[in-house]
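predicted model and sequence below, questions to follow.
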Amino acid sequence: MRFGSAVPATFSTTGQLQSLSGHDSIHAPIVYGGGLFIIRRKHKEIVMDGGCVLCNDHDQQVLWRDELCRVIWVNDPDYPGFCRVILNRHVAEMTDLPAQERDWLMEVVFAVEHEVRDTLNPDKINLASLGNMVPHVHWHVIPRWRNDRHFPGSIWSAPQNDNPQLPVTADMIERLKQRLQQLAP
Ligand SMILES: [Zn+2]
């Protein structure tokens, strides 16, 4: 881990952390190298989880979960099969995670993608990790069709099709939900 000017932190001569990302009230002992990374992680987890919708949304339809993450059903009528893989704890970036956790999280994302493809046979999968409004690691797994509501843009773009007819049946959706509940990444 690099310690250099790219890290937005300043320190006093006594080694106290004076400011980090604009929060002047945070004080922590200075630690060089990887230690600063840990301070930043702790800082983010402490400061940012207060109003986070992913930490506080108890109405999520959770299909599968383990110690690290959970798979939820988004229930978007325009995008049947749309799932999210959400880290259980409040962390902003993939690079805040230890490599083992990153790898496992992506294994889960790919396992979800596999089940969505296998049951719904979409024309394309969109994987997205944005989080500008919700800086809590989560991956969108979105099945896309050439005649869906936003084709060819992202699902957050302006709609292009007011009456999409998708080749997805209730049976296919039920099969996907059952498979996700038994996910084995
Ligand atoms: Zn959160």
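Cool, got the structure.

quick one: contacts for the residue most central in space within the chain?
Centre of the chain computed as the mean C-alpha position; nearest residue by CA atoms, centre = their mean is His138, 0.7 Å away. His138 makes contact with Leu54, Arg84, Val85, Ile86, Leu87, Ser129, Gly131, according to CB atoms under 8 Å, 6 or more residues apart in numbering. Any C-beta I mention is one placed from the backbone N, CA and C, and that applies to glycine too.

and the lengthiest strand in the chain, which strands flank it?
Longest strand in the chain by number of residues (criterion: DSSP state E): strand 138-144. Next to strand 138-144 in the sheet, as set by DSSP bridges, lie strand 83-87 (antiparallel), strand 124-128 (antiparallel).

list the contacts of whatever helix or strand comes next after that strand.
Remark: after strand 138-144, the chain's next helix or strand is helix 170-181, criterion DSSP states H and E. With contacts defined as CB under 8 Å, 6+ apart, helix 170-181 is touched by 63-64, 71, 73, 80-81, 83, 112, 115-116, 118-120.

one more time with 10 Å, if that's ok
Residues from elsewhere that reach helix 170-181, judged by CB atoms under 10 Å, 6 or more residues apart in numbering: 61-64, 71-73, 80-81, 83, 111-112, 114-116, 118-121, 143, 168-169.

buried set for it?
For helix 170-181, the neighbour count (16 or more other CB atoms under 10 Å) marks Leu176, Lys177, Arg179, Leu180 as buried.

tell me the two of those that are most distant?
Lys177 and Arg179 (7.4 Å; CB to CB).

about what we covered before: any idea how far the residue nearest to the centre of the chain is from Val53?
10 Å (CB to CB, to the nearest Å).

quick check: residues of this structure near the ion?
Asp49, Cys52, Leu54, Cys55, His90, His136 (CB under 5 Å from the ion).

pull out the buried residues from those.
Counted by 16+ other CB under 10 Å, these give Asp49, Leu54, Cys55, His90, His136 as buried.

what is the orientation angle of the longest helix belonging to the chain with strand 124-128?
For the chain, the helix that runs over the most residues, judged by DSSP state H, is helix 99-120. Taking axes from the mean of the first three to the mean of the last three CA atoms, to 10 degrees, one finds that helix 99-120 is oriented at 150 degrees with respect to strand 124-128.

pull out the buried positions in helix 99-120.
Glu101, Trp104, Leu105, Val108, Val109, Ala111, Val112, Glu113, Glu115, Val116, Thr119, Leu120.

can you count the residues close to the residue nearest to Pro122 when sequence neighbours are not counted?
Among residues not flanking Pro122 along the chain, Pro143 sits closest, at 3.6 Å (CB to CB, 6 or more residues apart in numbering). For Pro143, the count of nearby residues is 24 (other CB atoms under 10 Å).

circling back to that earlier point, using PDB, write down the CA coordinates of the longest helix of the chain.
In PDB, the C-alpha atoms belonging to helix 99-120 read as follows (Å, rounded to 0.1, in the frame of the first residue of the first chain):
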ATOM      1  CA  ALA A  99      -8.200  -9.600  -1.800                       C
ATOM      2  CA  GLN A 100      -9.900 -12.700  -0.500                       C
ATOM      3  CA  GLU A 101     -13.100 -10.800   0.100                       C
ATOM      4  CA  ARG A 102     -13.000  -9.100  -3.300                       C
ATOM      5  CA  ASP A 103     -12.500 -12.500  -5.000                       C
ATOM      6  CA  TRP A 104     -15.400 -14.100  -3.100                       C
ATOM      7  CA  LEU A 105     -17.700 -11.300  -3.700                       C
ATOM      8  CA  MET A 106     -17.100 -11.500  -7.500                       C
ATOM      9  CA  GLU A 107     -17.600 -15.300  -7.300                       C
ATOM     10  CA  VAL A 108     -21.000 -14.600  -5.900                       C
ATOM     11  CA  VAL A 109     -21.700 -12.000  -8.600                       C
ATOM     12  CA  PHE A 110     -20.700 -14.400 -11.400                       C
ATOM     13  CA  ALA A 111     -22.700 -17.200  -9.800                       C
ATOM     14  CA  VAL A 112     -25.800 -15.000  -9.900                       C
ATOM     15  CA  GLU A 113     -25.000 -14.000 -13.500                       C
ATOM     16  CA  HIS A 114     -24.800 -17.600 -14.500                       C
ATOM     17  CA  GLU A 115     -28.200 -18.400 -13.000                       C
ATOM     18  CA  VAL A 116     -29.800 -15.400 -14.600                       C
ATOM     19  CA  ARG A 117     -28.400 -16.300 -18.000                       C
ATOM     20  CA  ASP A 118     -29.300 -20.000 -17.600                       C
ATOM     21  CA  THR A 119     -32.900 -19.400 -16.700                       C
ATOM     22  CA  LEU A 120     -33.900 -16.300 -18.600                       C
END
